[in-house]
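Trainee: Sequence and predicted model, in that order:
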Amino acid sequence: MISQKKDNPPTIIEDVLEKPSSRRSFLKGASIAAAAGSAVLATGCMPGGNTAASGELTLRWQEFFKKNYRIMSQEEKDETVERLERLAKIQDNIDVQIGSDPPIENVLYGYAFNITRCEGFMECVTACVKENNLDRKTNTQYIRIFEMEPGQLDPSTGDGQYFHKVPVEDKFYMGAQCFHCENAPCIKACPTKATWREPDGIVVVDYNWCIGCRYCMAACPYYGRRFNWGKGEVPKEEITTKQHYLGNRKRPMGKMEKCTFCIQRTRRGKLPACVEACPTGSRVFGNLLDPDSEIRYVLKHKKVFRMKENIGTQPKFWYFID
Amino acid sequence: MKAVPERNLKTFFSDAIRWNLRGSVGFQIFRILLFIGMGVGIYAYSFQARYGLSMTGMTDIVSWGFYISNFTFLVGVAAAAVMLILPAYLFHDPDFHRVVLIGEGVAVGALVMCLSFIMVDLGGPLQAWHLIPGIGLFNFPSSILAWDVLVLNGYLLLNALVPAYILYSHYMGRQPDERKYRPFVFLSIFWAFSIHMVTAFLYQGLPARPFWNNPLMGPRFLASAFAAGPALITLILAIIDSTTSFKINRKIFNKLRLIIVISAIINLLMLFSEIFKEFYFPTHHSISAIYLFFGIDGHNSLVPWIWTSVTVNLIATLVLAFNPGKNNPKVLLPACAFLFVAVWMEKGIGLIVPGLIPSPLGEIVDYLPTWVELGVTLGILCLGITVVTWLIRTALIIEQRYDQ
């Protein structure tokens, strides 16, 4: 069914005529002209007159009026995923697989960072940029690594811009990223419920529902969020094609994004890219509800602390000392 | 005398448009300049529509800039109309009653600018419909931004509809029914305070930003607004008095001066209290204030800005308080203008930008608006001034006819 549609994209008129007339499809159909207007506004160019372009227009129109991901039925999720895959093919000529995997039952993700072991190689940053298709033009990074003076435990006192051979003697290293707070200020701030906490503890953003007001960014006490100020650029051969709707898929311009604990990997039982890439084994990730998991071992047997605990955000990210 | 032409809602609007298209040569030139300004704004915004907010000076660290600064300040200007509404309707002050429509016109113009600044600041303005309850998903009452959307639009409606009803009644040559509009006037008085408090809570409610997370924020917003807003209204009344046949009673200027002075003194007192808290025993929560007033590690782009603002504010307040020219408008009007600009500098950029510096992880970057931001801002200001002149011109013509 899907491949059939791909081979023979329907024209707008066919699309409108063939579908049963419901309120929804009426709304979709009645405003094709407006769709053209908004498409021109969004791309800044007139699409050509061929069927691929008008098929693209229909897809974009349907994308424009879809719901917030959180209140979509599984059927609607499948539809939007299929549309996004087709758009990626039409616009960028690339085959992506966008997942909509739901949270796994009885899983609550937690993360621990070993500040004794980390030596500041930043392999995690590179892996994260690659895995999550982060914008290369503005050098967006979800993970920050700070070079710390002994006697300090607050990254704001460290150097986040170091560029020299590591490890440096008498220094230690501390990573920061989105901490997936249980009591997250960003979720409270968002005026459109475009960001929320999934049942497995991952704080996600619906990139299409976000209006780009950046209130969540102002509300985050950990600098965990990034904004798409312009159009993201990733070289085609470097794009990670295994994607998730709430994860590393292409982000539109003017929308918020953030670390998702690599939702496209972790919901399929893999580790986040940063954990896998770490050469020193400083990063521990796992299920907090599983008493035999490594993360539970760390929380039980190591000296752990969380950043800015006084704000009461309850991060799912602990630092620990060997 | 000619026969009185038929009047109805349709002629009300067509007359309003007709009156506004007429006017002296100077007035037409003023109009054309405003249109050119709006054109510049649209041209600048076209870049932003195509290349996104990357055309602005904002970054992941300073994620709100010139737009939100101006928005914040203009909410105060809008709220300040209550300083005319309160005495006019509540205490039945006849002097204020005569000019209250002008104050409400200024409020509508300021609100149009506020909402425009929010729209141009959005990364996805085409998704703004996600905010409309019913079709969108509105995070109410959790998100203060959701509250702000409600109170700003509600205030715009109140400030547009009540004067529209009064003007329409006067246009039709009848006395407006006070029982009909009085409840809405009371609501708008309450609402004026709420728009400013809610906008302050927008910042005040963020523990991530110690510079904003300050219980004095809301009250200080009100005090500065009740100084800057009436200062602007004084200037507008002076312009109306000198350029039109609508004469303004001197007493109004004296009463407004009193309101401005009291508010400005309370504002300075609270500023002093804030500065004391930040600098008597500086903690790492004071870094933003240190950045603002003294600069950190060579990052000091806001230092001359804030000191200019504080100095001008102080001098203008003293001039208005001690009245050295004995009510000479050549002294008082520039003082009002300077006070307005000083509060704009402080309540705009001086409040928003340092709140975001340093980043929660301690990084310090400077912010400078780009030509796109300045152009769009110019356009929105011209739009606001256009709205204000259209409304006031219509109101004055109807009022003068009704008085006859």
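Mentor: Sure thing, it's come through. Quantities reported herein were computed from a predicted structural model and do not represent experimental measurements.
Trainee: Any idea how many residues pack against the residue in the stretch 201-322 of chain A positioned nearest to chain B?
Mentor: Closest contact between the stretch 201-322 of chain A and chain B, by Cβ to the nearest Cβ, is at A:Gly212 (2.1 Å). C-beta coordinates here come from the backbone N, C-alpha and C atoms, glycine included. When neighbours are defined as other Cβ atoms under 10 Å in any protein chain shown, A:Gly212 has 24 of them.
Trainee: Residues contacting stretch A:140-147, please?
Mentor: Stretch A:140-147 is contacted from outside by A:118, A:120, A:122, A:124-125, A:128-129, A:132, A:134, A:155, A:158-160, A:162, A:166, A:168, A:171-178, A:223-224, A:226, A:232, A:257-259, A:274, B:60, B:361, using Cβ atoms under 8 Å, 6 or more residues apart in numbering or on different chains.
Trainee: Pull up the residues of the stretch 301-404 of chain B that are close to chain A.
Mentor: B:355-356, B:358-363 (Cβ under 8 Å from any Cβ of the partner chain).
Trainee: In the stretch 251-400 of chain B, which residue sits nearest chain A?
Mentor: Closest point on the stretch 251-400 of chain B to chain A, by Cβ to the nearest Cβ, is B:Gly362, at 2.8 Å.
Trainee: So what's the residue count around the residue nearest to that residue when sequence neighbours are not counted?
Mentor: Ranked by Cβ to Cβ, 6 or more residues apart in numbering or on different chains and with sequence neighbours excluded, the top spatial neighbour of B:Gly362 is A:Ser156, at 2.8 Å. Close neighbours of A:Ser156, defined as other Cβ under 10 Å, add up to 19.
Trainee: helix/strand/coil for A:Ser156?
Mentor: State at A:Ser156, reduced to three classes by DSSP: H, G, I helix; E, B strand; the rest coil: helix.
Trainee: List the buried residues in stretch B:181-198.
Mentor: Buried residues in stretch B:181-198, counting neighbours by 16 or more other Cβ atoms under 10 Å in any protein chain shown, are found at B:181, B:184-185, B:188-189, B:191-192, B:194-198.
Trainee: Likewise for stretch A:189-205?
Mentor: Quick answer for stretch A:189-205 (16+ other Cβ under 10 Å): A:189-198, A:200-205.
Trainee: doesn't the residue of the stretch 201-322 of chain A closest to chain B fall inside a helix?
Mentor: No: under three-state DSSP, A:Gly212 falls outside any helix and is assigned coil.
Trainee: got the contact list for it?
Mentor: A:227, A:254-256, B:53, B:122-124, B:127.
Trainee: residue boundaries of the helices in the stretch 101-250 of chain B?
Mentor: Assigned by DSSP state H, counting those that start in this stretch, the stretch 101-250 of chain B shows helices spanning B:144-171, B:178-204, B:217-243, B:250-280.
Trainee: Of all these, which one is nearest chain A?
Mentor: helix B:144-171 (4.0 Å).
Trainee: Out of the buried residues of stretch B:181-198, which is nearest to A:Arg249?
Mentor: B:Val198 (35.3 Å; Cβ to Cβ).
Trainee: quick revisit: among the buried residues of stretch A:189-205, which pair sits farthest apart?
Mentor: So, the buried residues of stretch A:189-205 by Cβ to Cβ: farthest apart are A:Pro191 and A:Asp200, at 25.0 Å.
Trainee: would you turn the helices of the stretch 101-250 of chain B into CSV with mean pLDDT and distance to chain A?
Mentor: As requested, the helices of the stretch 101-250 of chain B are arranged in CSV below (pLDDT from 0 to 100; distance: least, Cβ to the nearest Cβ, whole Å):
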stretch, mean pLDDT, distance to chain A
helix B:144-171, 93, 4
helix B:178-204, 92, 8
helix B:217-243, 94, 14
helix B:250-280, 95, 17
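Trainee: deepest of the ones you listed, which one?
Mentor: helix B:217-243 (a mean of 22; mean count of other Cβ atoms under 10 Å in any protein chain shown).
Trainee: Quick one, grab the pLDDT at the residue in the stretch 151-300 of chain B that chain A sits nearest to.
Mentor: Of all residues in the stretch 151-300 of chain B, B:Ala208 sits closest to chain A, at 3.6 Å by Cβ to the nearest Cβ. The score at B:Ala208 is 95. That number is its pLDDT.
Trainee: what's the answer for B:Glu399, then?
Mentor: pLDDT, B:Glu399: 90.
Trainee: residues contacting it?
Mentor: B:Glu399 neighbours (Cβ under 8 Å, 6+ apart): B:101, B:167, B:170, B:246.
Trainee: follow-up on the earlier one: which member of the contacts of A:Gly212 is positioned nearest B:Ser142?
Mentor: For the contacts of A:Gly212, the nearest to B:Ser142 is A:Met256 (17.1 Å; Cβ to Cβ).
Trainee: And the closest one, how far from B:Ile68?
Mentor: As judged by Cβ to Cβ, to the nearest Å, A:Met256 and B:Ile68 stand 16 Å apart.
Trainee: coming back round to it: show the contacting residues for the residue nearest to B:Gly362.
Mentor: Counted by Cβ under 8 Å, 6+ apart, A:Ser156 has contacts B:284, B:358, B:360-362.
Trainee: Over to A:Thr313?
Mentor: So A:Thr313 contacts A:179, A:181-185, A:221 (Cβ under 8 Å, 6+ apart).
Trainee: rerun at 10 Å
Mentor: A:179-186, A:220-222, A:306-307, B:207-208 (Cβ atoms under 10 Å, 6 or more residues apart in numbering or on different chains).
Trainee: can you give me the helices for the stretch 201-322 of chain A?
Mentor: Remark: helices of the stretch 201-322 of chain A, listed N- to C-terminal, are A:215-219, A:263-266, A:273-277, A:294-301; assignment by DSSP H, counting those that start in this stretch.
Trainee: Turn those helices into TSV, columns for mean pLDDT.
Mentor: TSV is the format used below for the helices of the stretch 201-322 of chain A (pLDDT from 0 to 100):
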stretch	mean pLDDT
helix A:215-219	96
helix A:263-266	97
helix A:273-277	97
helix A:294-301	97
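Trainee: Distance to chain B and mean neighbour count added to those helices, as TSV?
Mentor: Listed next are these as TSV, based on distance: least, Cβ to the nearest Cβ, whole Å; neighbours: other Cβ atoms under 10 Å in any protein chain shown:
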stretch	distance to chain B	mean neighbour count
helix A:215-219	5	25
helix A:263-266	21	24
helix A:273-277	17	22
helix A:294-301	23	15
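Trainee: now those in a markdown table, with distance to B:Arg250?
Mentor: As requested, the helices of the stretch 201-322 of chain A are exported to a markdown table (distance: least, Cβ to Cβ, whole Å):
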| stretch | distance to B:Arg250 |
| --- | --- |
| helix A:215-219 | 46 |
| helix A:263-266 | 69 |
| helix A:273-277 | 71 |
| helix A:294-301 | 74 |
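Trainee: so which of those helices gets nearest B:Gly154?
Mentor: So among the helices of the stretch 201-322 of chain A, helix A:215-219 is nearest, using Cβ to Cβ, at 19.7 Å.
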